[in-house]
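[1] Model the following, please.
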Amino acid sequence: MVTLDFFDDPAAFLDAAGPVLAADPVLGSVIATVTERAAREVAEGGDSWTHVGAPFRRWWVVIRGADGSPVSAVMRTAPFPPHPTFSLPMSPDAACVLAAALHDRGELLGGANGALPGSRVLADETARLWDGTVVLDKHTRLWEARAVDVPAAPEGRLRRATEDDAGLVHDWYRRFGTEADEQAGRAPDAAAGEHNTLDDALVRIREGKDWLWELPDGEVAHLTGRSLPSYGVSRIGPVYTPKEHRGRGIASYVVGELTRHGLEAGHRMCLFTDQANPTSNRIYAGLGYEPVVEMAEHLVRTGRPA
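    Residues are numbered from 1 along each chain as shown. Okay, the predicted model is just below:
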């Protein structure tokens, strides 16, 4: 038997979910980094969630086993419709209990993202309870590099983004999502994505997360993000090169070099790929990244607003 412990306070959730996040910090990287950022915002007297306009309060949940110990965690904090959950591996029973709890409180879950098969069971059970259907939106893979083979550097230099780059960084975040959808054969969705406002770009830049590749003539030709370490893990992404600068090995070098920096600092390094993009999967495997777990985002369609 499993039980659910819901939280709307990110700091309280981190205290309760700490054992789960620390037990497998690569799997828990997304939940840890997103929640730590939310906790920092709240501690500093701000909260970007207040500007999202979602029809529900964001939440986190710790899934507890029969003895009451935490065994998994899920969050619903995505700022873009349909505000999908993100889940660590969880049992089918836990996924069904969570779907029922959300249904009982009248909260329609429009999408479920995270480790398989639990995230798929959550979507399926939600669709059953709301008389809807499930659509696979995106199939992703989590990778980790324990060692890295950095290719030769192209012409140019790697530098951190500054606030003067914020407009460019913001634009490239949006283009990254749109072009990733196009490459995967999906209809582009400009409203989706975790980093879709100028304020988001500025926050990341101030935290030192975004890196740019600058050509010898000063033109910026590439963007790669690297998260702040959480539980000893740093995550690469997004990785974006405008079409006119592709084919020069810039992305391979930058990802490899940032991975090397992280490993030498004692961090575990991970990233996500879209399984519909064989090029990126091949590039990262060539750098030394190895698959960890299969994930997917499923959408729940009911005809009701999520």
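[2] Now do the buried residues in stretch 248-262.
    Residues of stretch 248-262 classed as buried: 248, 250-262 (neighbour count, 16 or more other Cβ atoms under 10 Å). Quick note: C-beta positions are derived from backbone N, CA and C, even for glycine.
[3] what does stretch 279-288 give?
    Across stretch 279-288, burial judged by 16+ other Cβ under 10 Å covers Ser280, Asn281, Ile283, Tyr284, Leu287, Gly288.
[4] Check stretch 52-63 too.
    Ala54, Arg58, Trp59, Trp60, Val61, Val62, Ile63.
[5] what does stretch 135-142 give?
    Asp137, Lys138, His139, Thr140, Arg141, Leu142.
[6] Let me see the contact set for Thr273.
    Residues in contact with Thr273 (Cβ atoms under 8 Å, 6 or more residues apart in numbering) are Thr140, Arg141, Trp143, Ser280, Asn281, Tyr284.
[7] quick one: the helices in the protein?
    With helices called from DSSP state H, the chain shows them at 10-23, 29-43, 92-104, 118-130, 166-183, 198-206, 250-264, 278-287.
[8] Which neighbouring elements make contact with the last one?
    Applying 3 or more Cβ pairs under 8 Å, 6 or more residues apart in numbering; DSSP states H and E, one finds that helix 278-287 makes contact with strand 133-145, helix 250-264, strand 268-274.
[9] switch to 10 Å and redo it
    Where contact means 3 or more Cβ pairs under 10 Å, 6 or more residues apart in numbering; DSSP states H and E, helix 278-287 is packed against strand 133-145, helix 166-183, strand 233-240, helix 250-264, strand 268-274, strand 289-301.
[10] ok, residues contacting that helix?
    Contacting residues not belonging to helix 278-287 are listed as 141, 143, 145, 147-151, 180, 183, 236, 239, 246, 249, 251-253, 255-257, 259-260, 269, 271-275, 277, 289-291 [Cβ atoms under 10 Å, 6 or more residues apart in numbering].
[11] Nearest residue to Thr3 in space, ignoring adjacent ones along the chain?
    Using Cβ to Cβ, 6 or more residues apart in numbering and skipping residues adjacent in sequence, the residue nearest Thr3 is Arg64, 4.8 Å away.
[12] just to revisit the earlier point, can you list the buried residues of stretch 135-142 in JSON lines and add pLDDT?
    Below are those laid out as JSON lines (pLDDT from 0 to 100):
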{"residue": "Asp137", "pLDDT": "92"}
{"residue": "Lys138", "pLDDT": "92"}
{"residue": "His139", "pLDDT": "94"}
{"residue": "Thr140", "pLDDT": "95"}
{"residue": "Arg141", "pLDDT": "96"}
{"residue": "Leu142", "pLDDT": "97"}
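[13] Reformat those into JSON lines and put distance to Ala127 next to each item.
    Listed next are the buried residues of stretch 135-142 as JSON lines, based on distance: Cβ to Cβ, whole Å:
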{"residue": "Asp137", "distance to Ala127": "13"}
{"residue": "Lys138", "distance to Ala127": "17"}
{"residue": "His139", "distance to Ala127": "18"}
{"residue": "Thr140", "distance to Ala127": "20"}
{"residue": "Arg141", "distance to Ala127": "24"}
{"residue": "Leu142", "distance to Ala127": "25"}
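[14] now, among these, which is nearest to Ile31?
    Nearest to Ile31, judged by Cβ to Cβ, of these is Leu142 at 12.4 Å.
[15] beta partners of the residue lying closest to Asp124 once chain neighbours are set aside?
    Counting by Cβ to Cβ, 6+ apart, Asp124 lies nearest to Val134, which is 5.7 Å off, once chain neighbours are set aside. Going by DSSP bridges, Val134 is paired in beta bridges with Val300.
[16] so who does Val134 touch?
    By Cβ under 10 Å, 6+ apart, the contact list for Val134 reads 111-112, 120, 122-128, 298-301.
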